[in-house]
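# Below are the sequence and a predicted model; questions follow.
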Amino acid sequence: MSRILITGGFGFVGSNIALKGLQLGHEIVIMDNLCRAGSELNFNILKNSGEFKYYIKDTRLMNDVKYVIKEVKPDFIFHLAGQVAMTTSIIDPLNDFQTNVLGTLNILEAIREYSPYSTIIYSSSNKVYGDLEYLTYKESQTRYSCVEHPNGFSEELKLDFQSPYGCSKGAADQYLLDYHRMFDVQSIVFRHSTMYGGMQNANEDQGWIGWFVDQAKKTKITSSHSFTISGDGKQVRDVLYVDDVIDLYFSIISFSDKENLSGNAFNIGGGFDQSISLLELFNFLENELDVKLNFRKKDWRKNDQKIFVSDNVKIERLLNWKPTNTFEQGIRSIL
Ligand SMILES: NC(=O)c1ccc[n+]([C@@H]2O[C@H](COP(=O)([O-])OP(=O)(O)OC[C@H]3O[C@@H](n4cnc5c(N)ncnc54)[C@H](O)[C@@H]3O)[C@@H](O)[C@H]2O)c1
């Protein structure tokens, strides 16, 4: 069994991983400052689910981070604490930088000083590839497709940091890889597409699947309920159900050749088979709940990608992981 420190462990991904870790008998330690609305709820769920240690502390503060890492000396750090919304990063770029870049650098420095045998896994984002506007797109009735990358985007895509969120996630992502090169830190970067599932506490800025599911449920109660979307609804993302995310993180723990993974970045998503546009999601929800959704379109969000679908070949080859849940199954589980 392993000692696992989860930063942001009361958030959506972290609390799901923590619950599974407790079930599997791992020693779970959480560091979270509870700044995300809804993290308190996850904290209470976890408290009723098993014994674990936690620190209500802030990754932006070097003393907090050093204190925790020196005391815990984890085998693994799942570094999930972050400023998670593109929209919020535009309102407050400084906090976005401090949380995502400084917070990550604090952890890497603390590893170097107090826990050099820890393996750290960082939840980066497909936003490190920018808006991909230099590529060519085809438009069908319900979705965009990319002419040059019809089956998905691999890690070969050029990095192109845009928006404060893209810059901060991208900088942290690169620091992880560089600390492996320069200081032999065992670091792995996951460039995640959309993840969804239980305990997400979704809102309009973060957790779009959960938020649109909520809108559909509200429409079921009040048929005149309406909402707005940014763009034309044909934008496509590959979506990954949280059970597959959990499976991925625990696959790393049981994998014997971690050296081979360290220093690598991986695109992680549901892949082409689990890709969906907003219009296709709405169609699915209308059929499932027998409702007619009322929505208005407004301007595109700046830097929004028309399509992002992960090509999971690299992680599949090195770790033998691939998603197993379909979006139909996953979305039904949160309806
Ligand atoms: N959910 C997705 O679809 C998605 C997609 C790409 C990348 N990611 C990344 O995955 C990670 C986890 O995402 P999530 O959806 O679970 O987010 P979340 O907002 O649900 O959880 C993040 C947690 O981090 C905590 N936190 C924030 N700032 C902190 C700080 N300075 N110190 C300590 N704790 C702090 C919050 O209180 C929250 O509990 C994030 O880094 C996010 O950028 C998520």
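Now that the structure is in, tell me what you want to look at.

# The residue in the stretch 1-150 of the chain that the ligand sits nearest to: neighbour count?
Using Cβ to the nearest ligand atom, the single residue of the stretch 1-150 of the chain nearest to the ligand is Gly11, 1.8 Å away. Where C-beta positions appear, they are placed from N, C-alpha and C, glycine not excepted. Counted with other Cβ atoms under 10 Å, residues neighbouring Gly11 total 29.

# again, but for Lys57
For Lys57, the neighbour count with other Cβ under 10 Å is 18.

# Could you check the pLDDT of it?
Note on Lys57: pLDDT of 98.

# got a list of contacts for stretch 223-237?
Where contact means Cβ atoms under 8 Å, 6 or more residues apart in numbering, the residues beyond stretch 223-237 that reach it are 139-140, 142-145, 193-194, 212, 215, 218-219, 269, 275-279, 282, 291-301, 304-309.

# Give me the buried stretch members for that stretch, please.
For stretch 223-237, burial by neighbour count (16 or more other Cβ atoms under 10 Å) applies to 225, 227, 229-230, 233-237.

# Next: stretch 256-267.
Buried, per 16+ other Cβ under 10 Å, within stretch 256-267: 261-267.

# How is Glu286 assigned, secondary-structure-wise?
On the three-state scheme (DSSP: H, G, I helix; E, B strand; the rest coil), Glu286 is labelled helix.

# Could you tell me which residues of the stretch 1-150 of the chain lie near the ligand?
8, 10-14, 32-36, 39, 58-60, 80-82, 84, 99, 103, 123, 125 (Cβ under 6 Å from any ligand atom).

# What subset of these is buried?
Using 16+ other Cβ under 10 Å as the burial test, those include 8, 10-14, 32-33, 36, 39, 58-60, 80-82, 84, 99, 103, 123, 125 as buried.

# got a pLDDT number for Ser115?
For Ser115, the model assigns a pLDDT of 98.

# Please list all residues in contact with the closest residue in space to it that isn't next to it in sequence.
Distances taken as Cβ to Cβ, 6 or more residues apart in numbering put Lys73 closest to Ser115, at 4.6 Å, once the chain neighbours are dropped. By Cβ under 8 Å, 6+ apart, Lys73 lies in contact with 3, 114-115, 117-118.

# buried subset of the residues you listed?
Of those, these count as buried by 16+ other Cβ under 10 Å: 3, 114-115, 118.

# roughly how far is the helix or strand of the chain with the lowest mean pLDDT from the heart of the chain?
Ranking every helix and strand in the chain by mean pLDDT, DSSP states H and E puts helix 258-261 at the bottom, with a mean of 84. Taking Cα atoms, centre = their mean, to the nearest Å, the mean C-alpha location of helix 258-261 is offset from the chain mean by 22 Å.

# what's the farthest-apart pair in the contacts of Lys73?
Arg3 and Tyr114 (13.6 Å; Cβ to Cβ).

# and the closest residue to Val84 other than its chain neighbours, how far is that from Gly11?
Leaving out its chain neighbours, the residue that sits closest to Val84 by Cβ to Cβ, 6+ apart is Gln206, at 5.0 Å. From Gln206 across to Gly11, the span is 10 Å (Cβ to Cβ, to the nearest Å).
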